[in-house]
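*Asks:* Quick check, what structure comes out for this input:
(one chain, ligands or ions: 2)
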Amino acid sequence: MSVQPEPLVLVPRQEVAATVQRLAAEIKRDYHDKAPVLVGVLKGSFIFMADLIRMLDFRLTVEFVSLSSYGKGTESSGRVKLVRCLASPVRGQDVLVIEDIVDTGLTIAFLLDYLRKKKPASLKLCALLDKPARRKVPVTIDYLGLTVPDKFVVGYGLDWDEKFRHLPDVCVLEGSED
Ligand code: XMP
Ligand code: MG
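*Replies:* Numbers count the residues shown, from 1 in each chain. Ligands and ions are numbered 1, 2, ... in the order given. Model prediction:
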């Protein structure tokens, strides 16, 4: 019988909400007169995206892409695939990518390259979480929520083997060394 890892609260929901509010204020300041396209990275960013955009009171549109870099479990395969590409052209538009977590950086570097080739007017990155301990490629996070330790985190949209996305707090999996 397989043992189900136990999630322990790392960032309580109140702190997550305050972080999203701060990020929304920073984004408002920079984009209120721009009508940007917010590109969410599925599936992990769906809750963050939903909370964030409801705090933004200017014109914007929403797109989603889906990338896969992880196999099952907590080890990155290192290979990034675009599973769902952009549904609309972003040429000449201000694009803000909304990501759940930047870990090795391979996934987001791949996506930023893909988007840059589409010739947006501007391209920036907002990430709720940063796990710098395992970075393999340099990534500039223009709007950063919180830095987390070198542990596998779940909840608030993030999963382990598709589980735990619904947890309202950001949690770590007990015993995870990722
Ligand atoms: P890389 O390593 O390419 O990974 O920066 C980015 C993507 O991998 C997922 N990821 C995680 N998912 N807990 C998760 O639930 C984690 O600790 C974690 N670290 C990386 C995530 O989907 C991210 O987009
Ligand atoms: Mg992700």
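*Asks:* Up against ligand 1, what does this structure have?
*Replies:* Near ligand 1, the residues belonging to the chain are 41, 44, 69-70, 76, 99-108, 131, 152-154, 158-159 when assessed by CB under 6 Å from any ligand atom. In short, each C-beta sits where N, CA and C put it, glycine included.
*Asks:* Give me the spatial nearest neighbour of the closest residue to ligand 2 within the chain, chain neighbours excluded.
*Replies:* Going by CB to the ion, ligand 2 is nearest to G44 of the chain, at 3.4 Å. Distance criterion CB to CB, 6 or more residues apart in numbering; nearest residue to G44, sequence neighbours excluded, is D100 at 3.5 Å.
*Asks:* So that neighbour lies in a strand, does it not?
*Replies:* Yes: according to DSSP: H, G, I helix; E, B strand; the rest coil, D100 belongs to a strand.
*Asks:* That one - how many residues pack around it?
*Replies:* 26 (other CB atoms under 10 Å).
*Asks:* Quick check, it in contact with G155.
*Replies:* No: D100 lies out of contact with G155 (CB atoms under 8 Å); the separation is 10.4 Å.
*Asks:* got any ranges where the protein has weak pLDDT?
*Replies:* 1-2, 70-78, 175-178 (pLDDT under 70).
*Asks:* can we see that at 90?
*Replies:* Residues of the chain meeting the criterion pLDDT under 90: 1-5, 68-88, 174-178.
*Asks:* that older thread, let me know the distance separating the residue of the chain closest to ligand 2 from R59.
*Replies:* According to CB to CB, to the nearest Å, G44 stands 26 Å off from R59.
*Asks:* do C85 as well
*Replies:* Relative to R59, and taking CB to CB, C85 is found at 24 Å.
*Asks:* need the helices for the protein, in chain order.
*Replies:* Counting by DSSP state H, the chain has helices at residues 13-31, 46-53, 106-116.
*Asks:* can these go into a markdown table with extra columns for mean neighbour count and distance to K163?
*Replies:* Shown next, in a markdown table, are the helices of the chain (neighbours: other CB atoms under 10 Å; distance: least, CB to CB, whole Å):
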| stretch | mean neighbour count | distance to K163 |
| --- | --- | --- |
| helix 13-31 | 16 | 18 |
| helix 46-53 | 20 | 15 |
| helix 106-116 | 18 | 20 |
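*Asks:* Can I get these in a markdown table including distance to V95?
*Replies:* Formatted as a markdown table, the helices of the chain follow (distance: least, CB to CB, whole Å):
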| stretch | distance to V95 |
| --- | --- |
| helix 13-31 | 11 |
| helix 46-53 | 14 |
| helix 106-116 | 6 |
